[in-house]
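Participant: this one's structure only:
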Ligand code: TEU
Ligand code: CA
């Protein structure tokens, strides 16, 4: 079967707040994105995924929406958004929006109205009157701590799986479905090509009963990947999305391949793809706040499992919630350039749609945090407060937060070696990584051996390779550091060889290189440290 358009696309994720500031208030904005279309076009990406740009009080940087049909004034206006869509279209690029429908902001008019016990909005959220017995639930939330808060205005309790400023929508109430359907008609009518659904496998709550004993996410048996979530996704696709040539990718937390198949097999007619997290967890124990040494073998095994289990994957190594990949999986000190490029080869040669996160194409690294003041992320702040309550010593708390914070991925994009990395002329909302003088777009666009130049080559190669876009995936070998697989499609066969270590690795393959992050023309069977090689095995 030939691919659908979004299966041939390379998606580039933009975190608008940190991409480019056009009016020098220290905050990235839509006009900033508008000022860089040629950069994105030059890189060769086809789809831009914008993290939320809707009106929002920004407790969770836009993942707390107070108006789904308007733009956050800090990011610009609806005219700016229309211009961005038009401009991208002129260059053959499409835009997808981030859609958060598990919860809204507590400033959303629906929530404000729902405080009225007898009003028409009451059932938009999960309210419970106070019975004097304390918190009406033992569930634990994604940002640590409880999932019920008492509304100071009414004294009633409401449910929130994330922060208390993000109350969960009650999808049992039919009006919620109708509201979201109209939101999902509005944006494609404007020219938006699809949606990334935020935490989509938790939207349906079977019941609000107390949860069984569990170390993490107590209560999640009542809402993780429940049948009700499938019903909702089917209805949204059938009644709304099928009207245009949109695609959807659902973020799914704590998902197994088995569950993922139920969401994404084409005949299910739900989201087209999902983001899973298992490969992001290969350097952690239980939760991301407890790190363990990264063992490449675990990453290879996990990727093989998902490549085999799903006919089509949404592949990614970075996003706005996870630390930078070169700092996690590579060696920033000794082999920064090589170990920033090689995982790019992995990403662009797996079967599925590749999602690239802003700055990954420059090999942007993690941030070195010194103080809690450098941390802006609501999750980090709440986890730190929780750890403090649990009497975890300050030094350990800092160690945990500084190594795992979502802010690693949220530092301003490094455009140049100018002040504030050319992101803005005034102090950015979050600190710039000190290495911008060395790692920046201006440098790299001029350098044929840069990380950027390599990503560009990878993307261009993928575009003309049917084996990479449509071919089968066959793992051939992996060990503690080396990963080898084949991609096949009728007349074209490619071999991908990756070395995830500081040591050379001997393999039993050799031949002419189609691509190499060491710029080799021929391969003799010995991989250099952090080398990635693409060979042709097509019979002549
Ligand atoms: O993230 C959902 C999610 O569960 C995690 O990845 C989250 O970042 C956290 O690490 C859980 O411990 C999505 C968004 O990507 C994230 O930015 C939002 O904060 C969250 O939903 C709430 O909308
Ligand atoms: Ca700005």
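Facilitator: Done, it's in. As the structure is a computational prediction, the values presented were derived from the model and not from experiment. Ligands and ions are numbered 1, 2, ... in the order given.
Participant: how about residue 476, secondary structure?
Facilitator: Here residue 476 is recorded as strand under DSSP: H, G, I helix; E, B strand; the rest coil.
Participant: Quick one: neighbours of it, just the number.
Facilitator: The tally of other residues near residue 476 (other CB atoms under 10 Å) stands at 14. In this view, the C-beta of every residue, glycine as well, is placed from N, C-alpha and C.
Participant: so how far is residue 498 from it?
Facilitator: Here the distance between residue 476 and residue 498 works out to 12 Å (CB to CB, to the nearest Å).
Participant: can you check residue 371 too?
Facilitator: When CB to CB is applied, the distance between residue 371 and residue 498 equals 37 Å.
Participant: the more surrounded of the two?
Facilitator: Here residue 371 and residue 498 are compared on neighbour count by other CB under 10 Å; more neighbours surround residue 498, at 25 against 8.
Participant: Would you state the predicted confidence (pLDDT) at that one?
Facilitator: pLDDT, the model's per-residue confidence, is 98 for residue 498.
Participant: Can you tell me the closest non-neighbouring residue to residue 400?
Facilitator: Closest residue to residue 400 in three dimensions, ignoring its sequence neighbours and counting by CB to CB, 6 or more residues apart in numbering: residue 289, at 5.0 Å.
Participant: After the host helix or strand of that neighbour, which helix or strand is next?
Facilitator: Assessed by DSSP states H and E, residue 289 sits inside strand 287-291. Reading on from strand 287-291 to the C-terminus, the next helix or strand found by DSSP H and E is helix 296-309.
Participant: low-scoring stretches of this structure, by residue?
Facilitator: 539-540 (pLDDT under 70).
Participant: What parts of it come near ligand 1?
Facilitator: Proximity of the chain to ligand 1 is confined to 60, 63, 100, 142, 162, 198-199, 251, 253, 320-321, 379 under the rule CB under 6 Å from any ligand atom.
Participant: Go ahead and confirm residue 154 touches residue 115.
Facilitator: Yes - Residue 154 is in contact with residue 115 according to CB atoms under 8 Å; the separation is 5.2 Å.
Participant: List the buried residues for the strand holding residue 289?
Facilitator: Residues of strand 287-291 classed as buried under the neighbour-count rule (16 or more other CB atoms under 10 Å) are 288-289.
Participant: Looking at neighbours, which among the residues of the chain next to ligand 1 is most surrounded?
Facilitator: In terms of neighbour count, residue 100 stands highest of these at 27 neighbours, by other CB under 10 Å.
Participant: so what's that residue closest to, chain neighbours aside?
Facilitator: Among residues not flanking residue 100 along the chain, residue 198 sits closest, at 4.1 Å (CB to CB, 6+ apart).
Participant: what residues are up against the one you found?
Facilitator: 63, 98-102, 251 (CB atoms under 8 Å, 6 or more residues apart in numbering).
Participant: try residue 315
Facilitator: Listed by CB under 8 Å, 6+ apart, the contact partners of residue 315 are 347, 350, 352-355.
Participant: which non-adjacent residue is nearest the residue of the stretch 251-400 of the chain found nearest ligand 1?
Facilitator: The stretch 251-400 of the chain approaches ligand 1 most closely through residue 321 (3.6 Å), counting by CB to the nearest ligand atom. In this structure, residue 321 finds its nearest non-sequential neighbour in residue 406, 5.0 Å apart by CB to CB, 6+ apart.
Participant: quick one: the closest residue to residue 334 other than its chain neighbours and residue 26, what's the gap?
Facilitator: If you skip the residues right next to it in sequence, residue 334 has residue 502 as its closest partner in space, 6.7 Å away by CB to CB, 6+ apart. When CB to CB is applied, the distance between residue 502 and residue 26 equals 39 Å.
Participant: cool, residue 348 as well?
Facilitator: From residue 348 to residue 26 the distance is 34 Å (CB to CB).
Participant: With neighbour numbers in mind, choose between the two.
Facilitator: For residue 348 versus residue 26, the count of surrounding residues by other CB under 10 Å is larger for residue 348: 24 against 17.
Participant: residue contacts, that one?
Facilitator: Residue 348 makes contacts with 10, 354, 455, 458-459, 461-462, 468, as judged by CB under 8 Å, 6+ apart.
Participant: Can I get the residues you listed in CSV including distance to residue 508, secondary structure and neighbour count?
Facilitator: Rendered in CSV, the data for the contacts of residue 348 read as follows (distance: CB to CB, whole Å; DSSP: H, G, I helix; E, B strand; the rest coil; neighbours: other CB atoms under 10 Å):
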residue, distance to residue 508, secondary structure, neighbour count
10, 31, coil, 20
354, 28, strand, 24
455, 29, helix, 26
458, 25, helix, 27
459, 29, helix, 20
461, 24, helix, 18
462, 26, helix, 18
468, 23, helix, 23
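Participant: Now do the phi/psi pair for residue 499.
Facilitator: Dihedral angles of residue 499 (phi, psi; degrees, to the nearest 10) stand at phi -120, psi 110.
Participant: Just give the nearest non-adjacent residue to it, would you?
Facilitator: By the measure of CB to CB, 6+ apart, the closest residue to residue 499 outside its immediate chain neighbours is residue 527, 4.0 Å from it.
Participant: And residue 536, by the same measure?
Facilitator: Counting by CB to CB, 6+ apart, residue 536 lies nearest to residue 514, which is 5.6 Å off, once chain neighbours are set aside.
Participant: just residue 478 next, same as before
Facilitator: Leaving aside its sequence neighbours, residue 478 is closest to residue 300 (4.2 Å, by CB to CB, 6+ apart).
Participant: what's around the one you found, how many residues?
Facilitator: A total of 25 residues lie near residue 300 under the criterion other CB under 10 Å.
Participant: Now do the same contact list for it.
Facilitator: Contacts for residue 300 (CB under 8 Å, 6+ apart) come out as 475, 478, 483.
Participant: Closest one of the residues you listed to ligand 2?
Facilitator: Proximity of those to ligand 2 was ranked by CB to the ion; the top entry is residue 483 with 41.5 Å.
Participant: what's the residue nearest to residue 499 in contact with, if anything?
Facilitator: Counting by CB under 8 Å, 6+ apart, residue 527 touches 482, 497-499, 504-507, 533.
Participant: ok, those residues vs ligand 2, which is closest?
Facilitator: Using CB to the ion, residue 498 is the member of those that lies nearest ligand 2, at 39.3 Å.
Participant: what sits up against the helix or strand hosting the closest one?
Facilitator: Element membership of residue 498 [criterion: DSSP H and E] is strand 492-499. Residues lying outside strand 492-499 but in contact with it, judged by CB under 8 Å, 6+ apart, are 342, 345-346, 349, 465-468, 471, 476, 481-488, 505, 507, 509, 511, 514, 523, 527-539.
Participant: quick check: angle from that strand to helix 296-309?
Facilitator: Counting by axes from the mean of the first three to the mean of the last three CA atoms, to 10 degrees, strand 492-499 lies at 160 degrees to helix 296-309.
Participant: Mind checking what helix or strand follows strand 492-499 in sequence?
Facilitator: Downstream of strand 492-499, the first helix or strand assigned by DSSP H and E is strand 505-506.
Participant: element containing the residue nearest the centre of the chain?
Facilitator: With distances taken as CA atoms, centre = their mean, the chain has residue 319 as the residue nearest its mean C-alpha position (3.7 Å). Using DSSP H and E, residue 319 maps to neither a helix nor a strand.
Participant: and for residue 476 and residue 498, which residues touch both?
Facilitator: Common neighbours of residue 476 and residue 498 (criterion: CB under 8 Å, 6+ apart): residue 484.
Participant: re earlier: among the contacts of residue 527, which two are most distant?
Facilitator: Pairwise distances among those were taken by CB to CB; the largest, 14.0 Å, belongs to 498 and 506.
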